[in-house]
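**Q** Just need the structure, nothing else, for what follows:
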Amino acid sequence: MQTKATDFKLDTTSDLHRWRAFVAISELGSLTRAALFLDTNQSLLSRQLNKLERECGARLFNRTGRGVELSEVGERLFPQVKTLLANAETLEEQIHGNTREPSGQVTLGFLPSIALPMVGRLFSEVRKRYPEVNLKVLEGSSGQVEALLADARVDIAILYRYGTTTPENEHALALVDSYLIGAVGDSTTQAPEVPFSALDGLPFILPGAPNGLRTTLDAMARQRHMQLAPVIEADSLPLQKSLVANEHLFTVLPLHAVWTEVQGGLLQASRIVDPPFQRTISMASAKSKGPTRAVSGVAGLIVEIVDDMARAGMWQPGDRP
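**A** Predicted coordinates:
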């Protein structure tokens, strides 16, 4: 009996890159965001989508005022396409084998106060353990880093979270106390601890709203009928530290943000208590990106570095699964 080869007809699925674009557009709801995520030109992405729709003989998306959403045909195809791409990715992993070293670029989103003590050490560890991995670091305010994460322009974001819980799919890395920061010789920040009530009426330099720190500080002050009225607003961390040291203003920062200056006798830091004002350092991943070997490796190094800094006294270890 003569055997036959399996006859697969793959005209429509021959180019998986177009289907990868289809999934990105579906999940992000915008050609602009999908183009940023895929690091491609928006007009090229639009042409790929048009060609895909011609091959399918149906419209895959409906245009809306806010972007695009899947059509009825697109909704039906979406889970099958996800399965197809997942199987293709599994096949690629099996072809290359698990011994392949992590490689490629990993993009990180940091707040400046966290980036300063961490990035140099992270770069050193990545270069030593994963020489084929390149880091790209983007800094910004909490709102800017959140936007980078939502647009999938970063693989990993390191953020502050306020409150007792962190969002789903994020990992609490460390619990951070907040400190009242003053100039050398200032009597208010000479003691190791200072009650929250002592902040009432001080001349502050604080970040402008919207900002997680500012929002939480203002809320706590209102609850205690206190007034936190900054004499100047500035988001720049170096500017905050400079004006505290030279103009005898005050600010509120985590200890790691002023670690070098406090150790060098350039600033004073007093831990805020009664009640304590704490935040969580959280690690978040872009929802529409699967963790590549490089991303997983870098995330593991971040956890190691954060734990080591906790042992040095910069913060308390977080509760991680």
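
**Q** Would you map the helices across the stretch 1-150 of the chain?
**A** Taking DSSP state H, counting those that start in this stretch as the test, the helices found in the stretch 1-150 of the chain are 16-28, 31-38, 42-56, 72-96, 112-129, 142-150.

**Q** mind showing which ranges of the stretch 1-150 of the chain have poor pLDDT?
**A** Along the stretch 1-150 of the chain, the model assigns pLDDT under 70 to residues 1-14, 93-100.

**Q** Could you pull up the residues touching the spatially closest residue to H17 that is not a sequence neighbour?
**A** Counting by C-beta to C-beta, 6 or more residues apart in numbering, H17 lies nearest to Q48, which is 7.7 Å off, once chain neighbours are set aside. All C-beta spots, glycine's among them, are computed from the backbone N, C-alpha and C. The contact partners of Q48, by C-beta atoms under 8 Å, 6 or more residues apart in numbering, come to H17, R18, A21.

**Q** among the residues you listed, which ones are buried?
**A** R18, A21 (16 or more other C-beta atoms under 10 Å).

**Q** Export the contacts of Q48 to JSON lines and append columns for distance to P210.
**A** Shown next, in JSON lines, are those (distance: C-beta to C-beta, whole Å):
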{"residue": "H17", "distance to P210": "38"}
{"residue": "R18", "distance to P210": "39"}
{"residue": "A21", "distance to P210": "33"}
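
**Q** which one of the contacts of Q48 is nearest V244?
**A** Closest approach to V244 among those (C-beta to C-beta): A21, at 48.9 Å.

**Q** what residues are up against the closest one?
**A** By C-beta under 8 Å, 6+ apart, A21 lies in contact with A34, L38, T40, L45, Q48, L49, L52.

**Q** The fifth one and K128, how far apart?
**A** Distance, Q48 to K128, using C-beta to C-beta, to the nearest Å: 39 Å.

**Q** same question, T165
**A** Here T165 is placed at a distance of 35 Å from K128 (C-beta to C-beta).

**Q** Could you check how far the nearest residue to D235 once chain neighbours are set aside is from T216?
**A** In this structure, D235 finds its nearest non-sequential neighbour in P207, 4.7 Å apart by C-beta to C-beta, 6+ apart. According to C-beta to C-beta, P207 stands 12 Å off from T216.

**Q** now Y160
**A** For Y160, the distance to T216 (C-beta to C-beta) stands at 9 Å.

**Q** Now the common contact residues for these two.
**A** Common neighbours of Y160 and T216 (criterion: C-beta under 8 Å, 6+ apart): R279.

**Q** one step back: minimum distance to L249: which of the helices of the stretch 1-150 of the chain has it?
**A** Shortest distance between L249 and the helices of the stretch 1-150 of the chain, using C-beta to C-beta, is found for helix 112-129: 17.1 Å.

**Q** Can you show me the CA trace of the closest one as PDB?
**A** Backbone C-alpha positions of helix 112-129 (Å, rounded to 0.1, in the frame of the first residue of the first chain) are rendered in PDB as follows:
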ATOM      1  CA  PRO A 112      14.100  57.800  38.400                       C
ATOM      2  CA  SER A 113      14.300  57.200  42.100                       C
ATOM      3  CA  ILE A 114      14.400  53.400  41.500                       C
ATOM      4  CA  ALA A 115      16.600  53.500  38.400                       C
ATOM      5  CA  LEU A 116      19.400  55.300  40.100                       C
ATOM      6  CA  PRO A 117      20.300  52.500  42.600                       C
ATOM      7  CA  MET A 118      19.400  49.600  40.400                       C
ATOM      8  CA  VAL A 119      20.300  50.100  36.700                       C
ATOM      9  CA  GLY A 120      24.100  50.100  37.000                       C
ATOM     10  CA  ARG A 121      24.100  46.900  39.000                       C
ATOM     11  CA  LEU A 122      21.500  45.300  36.700                       C
ATOM     12  CA  PHE A 123      23.600  46.200  33.700                       C
ATOM     13  CA  SER A 124      26.700  44.600  35.300                       C
ATOM     14  CA  GLU A 125      24.900  41.300  36.100                       C
ATOM     15  CA  VAL A 126      23.300  41.100  32.700                       C
ATOM     16  CA  ARG A 127      26.600  41.600  30.900                       C
ATOM     17  CA  LYS A 128      28.100  38.900  33.100                       C
ATOM     18  CA  ARG A 129      25.400  36.300  32.900                       C
END
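
**Q** List of residues touching it?
**A** Here helix 112-129 makes contact (C-beta under 8 Å, 6+ apart) with 108, 110, 133, 135, 137, 139, 158, 160, 237, 253-254, 256-257, 259, 281, 297-298, 301-302, 304-306, 309, 314.

**Q** which of those residues are buried?
**A** Using 16+ other C-beta under 10 Å as the burial test, the contacts of helix 112-129 include 108, 110, 133, 135, 139, 158, 160, 237, 253-254, 256-257, 259, 281, 297-298, 301-302, 305-306, 309, 314 as buried.
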